[in-house]
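K.L.:
One predicted model, sequence on top.
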2 protein chains.
Amino acid sequence: MRVAVLGVGLIGGSIGLAARGRAGAHVVGYDPDAGALSSAVELGAIDEPAFGIADAVSDANVVFIAAPVGVAVGIARTAFDAAGTECVISDVGSTKRQIVRAITDPRFVGGHPLAGAETAGVEHAREDLFDGATWYLTPASGAPMLASGALTPATGALSPAAGAPPPAAQAPATAIERLRALIERFGARPVTIDPDDHDHLMASVSHLPHVLANVLVAQAARVLASEDLAVEDGRLDAGPSFRDATRVAGANTAIWTDIYMSNRDALVAAIDEAVDRLREVRKTLEDGDSDGLAAWNEQARSAREKLRRAGLAPGS
Amino acid sequence: MRVAVLGVGLIGGSIGLAARGRAGAHVVGYDPDAGALSSAVELGAIDEPAFGIADAVSDANVVFIAAPVGVAVGIARTAFDAAGTECVISDVGSTKRQIVRAITDPRFVGGHPLAGAETAGVEHAREDLFDGATWYLTPASGAPMLASGALTPATGALSPAAGAPPPAAQAPATAIERLRALIERFGARPVTIDPDDHDHLMASVSHLPHVLANVLVAQAARVLASEDLAVEDGRLDAGPSFRDATRVAGANTAIWTDIYMSNRDALVAAIDEAVDRLREVRKTLEDGDSDGLAAWNEQARSAREKLRRAGLAPGS
């Protein structure tokens, strides 16, 4: 097994470590940042550096594009020109519609591991970064989604019988299976999802929380700066809820500008919904309606319980 | 040292454990819930149960009211009638203006430990719950705020020379010092703050994050329920940012309805500011202004850095 990693930052480096350590793969890496590339060799994240994208992918069985969403499509085009016909190429971008629409090559299967957002750089890469993490896969619509070929009744919309005729560009089932098996060796849990659904889900459960974290830190900084808080010697504290709510605030600007831009229609809709919900609770507060507030909080409790059962929220 | 704890839930029980284990105090507890009271005895959170508020506080040197904000004032009134003249009475409520305005007895010093929000009940009480936690104290305006009597130049608004004449009702410095010393024995870090400033700060850094967590879970549950997400067998995942952002969603309804209600003017203002900030980033998204998005994210990064230096946010 030969794996190519295009972009050796936190995610690419961790893929290299996991591919070498857990799948016994020979890993070739490429990064336009020569310093990152030599660090990746020193840290054992890759076996050998390549001179360019074509050089990295020419003999690879599996290629991972681990670059910001905004440049992944361009990298993919170069990679497909040089890759073999049996090669499967995936990416790790946080949004999937843009790249799935742009890349119609049947060797492509979009991917998105839910891991690692706080740190950046190959020096933080870890072989166990993906342990237990969900790793979304977004084959082109119409492609077989499950190993068995069976579709659950609840997802009938994806059934080949029910959907539109499959487009020409589908990754062969064997390519998808090879990718799934490798991701499982990394310790992750591959989950196949429609690219549109992925991006709409992420708008509400990932991109909106990042936006809100940014809003919270900006607002708290304004409160600290503009009010002459009467407190001893600057030893303020916000408590654990603020720390948790703002853990992802001000995440890597290059990566996140791309994510926001590539999902902006869905994110705008998610922001609109959040603003409507804020207006509702604001009115309840303004009315002094404590029963209404209690009911609103109970709705959140049951929503949280529903999400917990679906595996989306921590245990209460 | 005799300590009375009125309300033996998570916070009251932990105060009892810390007062017994770390300050060698004799702890008397009272709770209208007889089951909670007997659990508190069994768990060693209190030395003895009392028959009522007056019984609990009559011989106490320090009294902690550990009940929801909405009932704390009534409990305080009963306690002051029965407490000795040298007794200091505090509370643990998450908002401070309401109780500080209602209770003008000079033996009262408002308090708010930043600890424990996820679990409830004396069975989760821990002696070390307050280790390293900030414990805000809000003496009535004009009361001496520091052990040394010195005020930092930055907090000149509270300087006796600069402010209005102090009102009649101030806790004596010795009472405040006794409370501070006890809280330090609990492992916490007492920080004196003006009650108005406390509530406005908490509106932005605690109550708003709780509101946003409720909004996020309600919205994610709506997405899950209304869209026929094309995903294998319900194994969706939101990733770690959603888990962190919603850890406090649907917090205890009785406690939090009181908190929201008692700080609703400040919380409405905080929501309005958050909505304005969301509208701004929404417009940037709608305009497809990637430079504007990058600048907005960089502002959040520097706000987070400012908060980190002030001790309000985790290290980046």
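P.N.:
Yep, that arrived. Bear in mind the structure is a predicted one, so any value in this text is a computation, not a measurement.

K.L.:
And the strands in the stretch 201-316 of chain A?
P.N.:
Counting by DSSP state E, counting those that start in this stretch, the stretch 201-316 of chain A has no strands at all.

K.L.:
can you pull the contacts of the closest residue in space to A:Ile65 that isn't next to it in sequence?
P.N.:
Leaving aside its sequence neighbours, A:Ile65 sits nearest to A:Asp91 (Cβ to Cβ, 6 or more residues apart in numbering or on different chains; 4.1 Å). To be clear about C-beta, it is placed using only N, CA and C from the backbone, and glycine gets the same treatment. Shown in contact with A:Asp91 (Cβ atoms under 8 Å, 6 or more residues apart in numbering or on different chains): A:Phe64, A:Ile65, A:Ala66, A:Ala67, A:Ala72, A:Ala76, A:Ile99, A:Gly110, A:Gly111.

K.L.:
So the last one lies in a strand, does it not?
P.N.:
Just to be clear, that refers to A:Gly111. Yes: counting by DSSP: H, G, I helix; E, B strand; the rest coil, A:Gly111 falls inside a strand.

K.L.:
Which residue ranges of chain A form helices?
P.N.:
A:10-23, A:34-42, A:53-57, A:69-82, A:97-102, A:173-185, A:195-202, A:208-226, A:240-245, A:253-262, A:264-286, A:290-309 (DSSP state H).

K.L.:
and the nearest residue to A:Gly70 once chain neighbours are set aside, how many neighbours?
P.N.:
Spatial nearest neighbour of A:Gly70, chain neighbours left out: A:Asp258 (3.8 Å); criterion: Cβ to Cβ, 6+ apart. Using other Cβ atoms under 10 Å in any protein chain shown, A:Asp258 has 24 neighbouring residues.

K.L.:
Ok, the one 4 residues further on next?
P.N.:
Summarising burial for A:Ser262: neighbours were counted as other Cβ under 10 Å, giving 24.

K.L.:
try A:Gly21
P.N.:
So A:Gly21, with other Cβ under 10 Å, has 16 neighbours.

K.L.:
With A:Gly52 instead?
P.N.:
Close neighbours of A:Gly52, defined as other Cβ under 10 Å, add up to 12.

K.L.:
same deal with the one 5 residues further on?
P.N.:
With neighbours defined by other Cβ under 10 Å, the count for A:Val57 comes to 28.

K.L.:
again with A:Leu312
P.N.:
Neighbourhood size, A:Leu312 [other Cβ under 10 Å]: 23.

K.L.:
picking that back up, redo the contacts of A:Asp91 as TSV? Include pLDDT.
P.N.:
TSV is the format used below for the contacts of A:Asp91 (pLDDT from 0 to 100):
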residue	pLDDT
A:Phe64	98
A:Ile65	98
A:Ala66	96
A:Ala67	93
A:Ala72	95
A:Ala76	96
A:Ile99	94
A:Gly110	95
A:Gly111	96
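
K.L.:
Let's see the PyMOL selection covering just the buried ones among the residues you listed.
P.N.:
Selecting only the buried entries of the contacts of A:Asp91 in PyMOL, with 16 or more other Cβ atoms under 10 Å in any protein chain shown as the criterion:
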select buried, chain A and resi 64+65+66+67+72+76+99+110+111
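
K.L.:
coming back round to it: look up how far A:Ala140 lies from the residue nearest to A:Gly70.
P.N.:
Using Cβ to Cβ, to the nearest Å, one gets 22 Å for the distance from A:Asp258 to A:Ala140.

K.L.:
And for A:Ser241?
P.N.:
Relative to A:Ala140, and taking Cβ to Cβ, A:Ser241 is found at 42 Å.

K.L.:
ok so, going back, among the helices of chain A, show the one with the smallest mean pLDDT.
P.N.:
Lowest mean pLDDT within these: helix A:240-245, at a mean of 87.

K.L.:
list the contacts for A:Val62?
P.N.:
A:Met1, A:Arg2, A:Val3, A:Ala4, A:Ala25, A:Cys87, A:Val88, A:Ile89, A:Ser90, A:Arg178, A:Leu179, A:Leu182 are the contacts of A:Val62 under Cβ under 8 Å, 6+ apart.

K.L.:
ok, what's across the strand from it?
P.N.:
Each beta-bridge partner of A:Val62 is listed here, defined by DSSP bridges: A:Val3, A:Val88.

K.L.:
Look up the pLDDT of it for me, please.
P.N.:
The predicted local confidence for A:Val62 is 97.

K.L.:
Same check on A:Val3?
P.N.:
Residue-level pLDDT assigned to A:Val3 equals 98.

K.L.:
repeat for A:Pro166
P.N.:
Value listed for A:Pro166 in the pLDDT field: 43.

K.L.:
Same check on A:Leu151?
P.N.:
Reported pLDDT for A:Leu151: 31.

K.L.:
How about A:Gly187?
P.N.:
96.

K.L.:
neighbours of A:Ala254, just the number please.
P.N.:
So A:Ala254, with other Cβ under 10 Å, has 14 neighbours.

K.L.:
residues contacting it?
P.N.:
A:Pro68, A:Gly70, B:Ala294.

K.L.:
Next: A:Ala188.
P.N.:
Applying Cβ under 8 Å, 6+ apart, one finds that A:Ala188 lies in contact with A:Pro113, A:Ala115, A:Phe130, A:Asp131, A:Gly132, A:Ala133, A:Thr134, A:Trp135.

K.L.:
check those residues against chain B, which are close?
P.N.:
Among the contacts of A:Ala188, the residues within reach of chain B (Cβ under 8 Å from any Cβ of the partner chain) are A:Ala115, A:Ala133, A:Thr134.

K.L.:
Give me the distance between the residue lying closest to A:His198 once chain neighbours are set aside and A:Met202.
P.N.:
Nearest in space to A:His198, with sequence neighbours left out and distances taken as Cβ to Cβ, 6+ apart, is A:Lys96 at 4.8 Å. Distance from A:Lys96 to A:Met202, counting by Cβ to Cβ: 8 Å.

K.L.:
what residues do those two have in common as contacts?
P.N.:
Residues within reach of A:Lys96 and of A:Met202 at once, by Cβ under 8 Å, 6+ apart, are A:His112.

K.L.:
I'd like to know how far the closest residue to A:Phe51 other than its chain neighbours sits from chain B.
P.N.:
Sequence neighbours aside, A:Tyr30 is the residue nearest to A:Phe51 in space, at 7.7 Å (criterion: Cβ to Cβ, 6+ apart). Separation of A:Tyr30 from chain B (Cβ to the nearest Cβ, to the nearest Å): 26 Å.

K.L.:
What residues does A:Tyr30 make contact with?
P.N.:
A:Tyr30 makes contact with A:4-8, A:37, A:49-53, A:55-56 under the criterion Cβ under 8 Å, 6+ apart.

K.L.:
Dig out what it forms beta bridges with.
P.N.:
A:Leu6.
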